[in-house]
Every structure is written in structure tokens, then in C-alpha cells.
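[1] return a 3D structure for these sequence lines:
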Amino acid sequence: MATLFSPPAARLAPLLRLHRLNRKPSLLRLHLLLPQMGRAAPSPPRAMSSVPSLRLSSWDSADDPLDFSAVAGAVFFPLRRRATKRDRAPSPDFVEVRAAAGRRAGGAAEGTKRKRSPSPEVVEVPAAAAKRAGVAAEGMKRKRAPSPEVVEVPAATDKRASGAAEGEETARAAKKGNSNSHLDKKTVKVMTYNVWFREDLELIRRMNAIGALIQHHSPDLIGFQEVTPDIYLLFEKSDWWQAYKCSLSHEEAMERPYYCMQMSKLPVESFNCKPFSNSHMGRELCTADVIVGGLIKLVLATSHLESPCPGPPTWDQMFSKERVAQANESLRILGAFRNVIFCGDMNWDDKGDGPFPLPDGWIDAWAELKPGENGWTYDTKANVMLSGNRKLQKRLDRFVCKLSDFKVDSIEMIGKEAIPGITYIKEKKVRQEIRQLVLPVLPSDHFGLVLTISSV
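    Got it, this is the predicted structure:
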């Protein structure tokens, strides 16, 4: 269970020593990075294993209120550290485009029709700017093929080009007089998903299944939890990736063992991250300031609050005090904004932690839209992949919102279907007898949530 994979420091010491003695490079990462190094890549491993089924053992205990069946295979993944920072060759996608293209784009936005000789100055400009230049050129009735490259846009060039385009659009709206394009009702779809950092259980197929859910629901904003460098590499090469701006660069994503990550199709003013001072597990509050409909500012906040991880000898390491303090700190910070969605794996247990500490003006989207429904996103009964575990049903993942210019419309739980054609074998000890359970594989041990809001 994702909420149980961060054991206290005292329990981690022997595991860390063992891990250092047995450290091996990730086959998945080698496979994904070799093409960038100019070498022939080996054939991809099948879900991190050469056989379609995976054999796991259980840590079940008669005194254990929870199930630790996956800890043995997954505990090392969030503990990996990179000793050195990898050097990376410049992206081949960057192309040389003459500065005249940018000037032509600006000139088109200003409505100028003067002819100027092209500048001999040559600079590196991503193709996004070239595309905008192409659009401007079409507006001036020049026929020109668009550049095929798609790369990131340097901030200065992006601001100039986008500013020109916005100026042109504003001028057109002013001429129409009655235009209210920015004030039309705007719908925003937000997804939160704990993708499960367990890399030895059909990682590639699970991440492909999550990618299929992203393509199906097409969220405008996404908050991920438990992303690892290997998961980042898989996402980075997915078809859906290009439609989003990511809160972490490739280099940043390779430096940390696991983390939260945000994705946005909407214009982003900034991404920020604030570590919790009381976290034993490196937890943090991530925020994205986005613009909806060209006018309304919306803050998306994502976090993975401190995880309970009971273990011997006392089985009481629930970290409730830390988790409650992190929730209060997050809401205090986010309360300064007019429109906020706070989502993620809250690891919240109403029985042990009490009601979620919502200040006035905040709502719990699931409780608001589906009153009376349990909303369990970690459910060892509904998630058949976990059916060999001890019973545990909790609403760990949540959306809490403070919205002045929007209203919540709908919320749904996703990722509840097994991935067709794959299973794994789990060995479970029952009354001194080892039984083999053949179980299906789902995208994650958590279900995801998709929230839809609209402007009022």
C-alpha cells in the first residue's frame, strides 16, 4: 500500500545497508536512456520481468492490523539516491531560426505592413515560436510551411510572441464590442492519482494504463503522487505528455527518489514547492498558478501527506500528528488565494486523524457531490489486485476546494478496472500453510479521482 511504504528511520537502517550492497542500475532507465546516448537499445523488459506473472511474498502478521504484502518488493525504490548528476547532451530538437521570424511575428501583431530586410543575426528559438511566426505570416497572406520541430520556448521569446498574439486578439475583441469570449463559462477538469512507486509489479503496463486514462478523460490539470525517475521517463515518452507543461524538468526529476508532480494544459504563471518542516518522508506542498479563460487565476495544490507505517514492536507509528499539522499548514498557505483546489493522497483517516480541518469557505468535493457514498480510494475489496491483503478501506485521496469564481460540478473515481491479460502470483501464509493467489493487475493500488469545475 502506498501509504505504508515509508518506514521510520530506525527500521530503514538495515534495509539501506542491504540496498547499498546490492545496488544495480535500473534496466528500465538504461533502456530508455540508451537511445539518447547514441547506442542501440536492448529490447524492453516485460514489466520489469521476463515472465508474465510475478511471485511475491507476504509479511502478514496476526497482530498486524494492516497488510505489508508489498513492502518487501517496494521499500527500496523510494530510498534510492543518485550520487552524481547525469550530464545530458543538448536536445536535438532545438533548431536555428533567424531572429527575423520573431520580429515578423511581433510586426504582424502590431499590424505593421512595412517591409524590412531580414536580420543576419542567428539565434536558437524553439519551434513553438516558429509556429507562432508561421501563424502571423499566414495572417499577412504569406505562404510558408510550418516548422516540424516541437520544443520548449525560452521565457523571453515566449513572452514576446504570446504578448503579440494576445494584443492582436484583444484588438479584435475590442472591434466586435459585444465580445465576451473571456467571460464565457469555462469548465476545468482536474485529476489526482497516486501512481504507486512499486516498480517490480508490471510497471510499464501499469503506467500505460494510467496514460490511457489520461487520454480518455483529458484533464486540464493533473496532480501525481509517488512518481519515480523511472515513471517520469515512461510518462515523458508517452503520447499524452506533449499536451502538458510539467512542474519538473527532466534533470530535476532524475535527482530525487520519488515526488509529487503537476501537469497543466492551461497557461501556467509559476510552479512552486514548499517542503514540510516536520516531514520524516520528504513530503511537500506543490502549487501551480494557472489562468482559466484568459482571466481567472486558479491555484492547483498537490501533496502526499505523511504516511502511516505501523510496524514492530508497537505498531503505532501512524504519524497522525505530523499529517494533521501538514494539512493545517497547507490550508493556511492556500487560504490566501481566491480560487484553490487542493488534491492528492492525504493519507487521511477520519477515525484516527479526526475530520479534515476545513476552514470556513472550504468544501470537500466528494462529500459535497456524493453525500452518503464512502469514496474509498484505497479498498482491498474493490481493488482485486489487493484482495490477498488484510481488509482496509479508506478515503485516502481527496479534493478540498475554496472557490469564489467556480463551482464544483462532478467527481468520479477512475482506475477501477483490471488491465486485461496480465496477472501476478502472490504467496500468502494462512495458518502455517503457503497459498498461491493468482491476482489481476490494476493501474495502481489507489484509485484516481477526476473533478470537474465550471466558472460561475
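
[2] so residue 226 sits against residue 195, correct?
    Yes. Using CB atoms under 8 Å, residue 226 is in contact with residue 195, at 5.6 Å. Every C-beta, even on glycine, is put in place using the N, C-alpha and C of the backbone.

[3] any common contacting residues for these two?
    Residues touching both residue 226 and residue 195 (CB atoms under 8 Å, 6 or more residues apart in numbering): none.

[4] what's the mean pLDDT across the helix or strand containing residue 299?
    Assigned by DSSP states H and E, residue 299 falls within strand 296-304. Regarding strand 296-304, the rounded mean pLDDT is 98.

[5] what residues sit buried inside that strand?
    Buried residues in strand 296-304, counted by 16 or more other CB atoms under 10 Å: 296, 298, 299, 300, 301, 302, 303, 304.

[6] with stretch 265-277 instead?
    For stretch 265-277, the neighbour count (16+ other CB under 10 Å) marks 265, 266, 268, 271, 273, 276 as buried.

[7] just the buried residues of strand 296-304 now: which is nearest residue 217?
    residue 300 (15.8 Å; CB to CB).

[8] can you tell me the closest non-neighbouring residue to that closest one?
    residue 288 (4.6 Å; CB to CB, 6 or more residues apart in numbering).

[9] is residue 429 in a helix, a strand, or coil?
    Here residue 429 is strand, with the state taken from DSSP: H, G, I helix; E, B strand; the rest coil.

[10] quick one: neighbours of it, just the number.
    13 (other CB atoms under 10 Å).

[11] mind listing the residues bridging to it?
    residue 434 (DSSP bridges).

[12] ok, residue 301 next?
    Applying DSSP bridges, one finds that residue 301 bridges with residue 287, residue 342.

[13] cool, and residue 272?
    residue 287.

[14] my read: it touches residue 284, true?
    No. Using CB under 8 Å, residue 272 is not in contact with residue 284; the gap is 10.0 Å.

[15] CA atoms of the strand holding residue 299 as PDB?
    Taking C-alpha atoms only, strand 296-304 is exported to PDB below (Å, rounded to 0.1, in the frame of the first residue of the first chain):
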ATOM      1  CA  ILE A 296      -9.300  33.900 -13.800                       C
ATOM      2  CA  LYS A 297      -6.400  32.800 -11.600                       C
ATOM      3  CA  LEU A 298      -6.700  29.200 -10.200                       C
ATOM      4  CA  VAL A 299      -4.200  27.600  -7.800                       C
ATOM      5  CA  LEU A 300      -3.800  23.800  -8.000                       C
ATOM      6  CA  ALA A 301      -2.100  22.400  -4.900                       C
ATOM      7  CA  THR A 302      -0.900  18.800  -4.700                       C
ATOM      8  CA  SER A 303       0.600  16.900  -1.800                       C
ATOM      9  CA  HIS A 304       1.300  13.500  -0.300                       C
END
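
[16] for whatever helix or strand comes next after that strand, what is the average pLDDT?
    Next in sequence after strand 296-304, counting helices and strands by DSSP H and E, comes helix 320-334. Averaging pLDDT along helix 320-334 gives 98.

[17] which parts of helix 320-334 are buried?
    Buried-residue list, helix 320-334, by 16+ other CB under 10 Å: 320, 322, 323, 324, 325, 326, 327, 329, 330, 331, 333, 334.

[18] where does the prediction get shaky in the chain?
    1-185 (pLDDT under 70).

[19] what's the domain layout of it?
    The record's domain parsing of the chain by automatic domain parsing lists 96-179, 187-455.

[20] number of nearby residues for residue 239?
    10.

[21] gap between it and residue 268?
    Here the criterion is CB to CB, to the nearest Å. By it, residue 239 lies 21 Å from residue 268.

[22] what's the helix or strand for residue 263?
    strand 259-264.

[23] repeat for residue 421
    For residue 421, there is no host helix or strand (DSSP H and E).

[24] any idea how far residue 302 is from it?
    As for residue 421, its distance to residue 302 is 32 Å (criterion: CB to CB).

[25] check residue 438 too.
    For residue 438 relative to residue 302 (CB to CB), the value is 35 Å.

[26] what's the answer for residue 378, then?
    For residue 378, the distance to residue 302 - CB to CB - is 18 Å.

[27] what's the helix or strand residue 402 falls within packed up against?
    Following DSSP H and E, one finds residue 402 within strand 397-403. Packing partners of strand 397-403 (3 or more CB pairs under 8 Å, 6 or more residues apart in numbering; DSSP states H and E): strand 187-194, strand 339-345, strand 363-364, helix 365-369, strand 448-455.

[28] check contacts around residue 328.
    Going by CB under 8 Å, 6+ apart, residue 328 touches residue 357.

[29] my read is residue 224 is in a strand, agree?
    Yes. Using three-state DSSP, the assignment for residue 224 is a strand.

[30] number of nearby residues for it?
    28.

[31] that one pairs with what?
    Counting by DSSP bridges, residue 224 is bridged to residue 193, residue 261.

[32] that one reaches residue 193, doesn't it?
    Yes. Shown here, residue 224 and residue 193 form a contact pair, counting by CB under 8 Å, at 5.8 Å.

[33] joint contacts of the two?
    Contact criterion CB under 8 Å, 6+ apart; residues shared by residue 224 and residue 193: none found.
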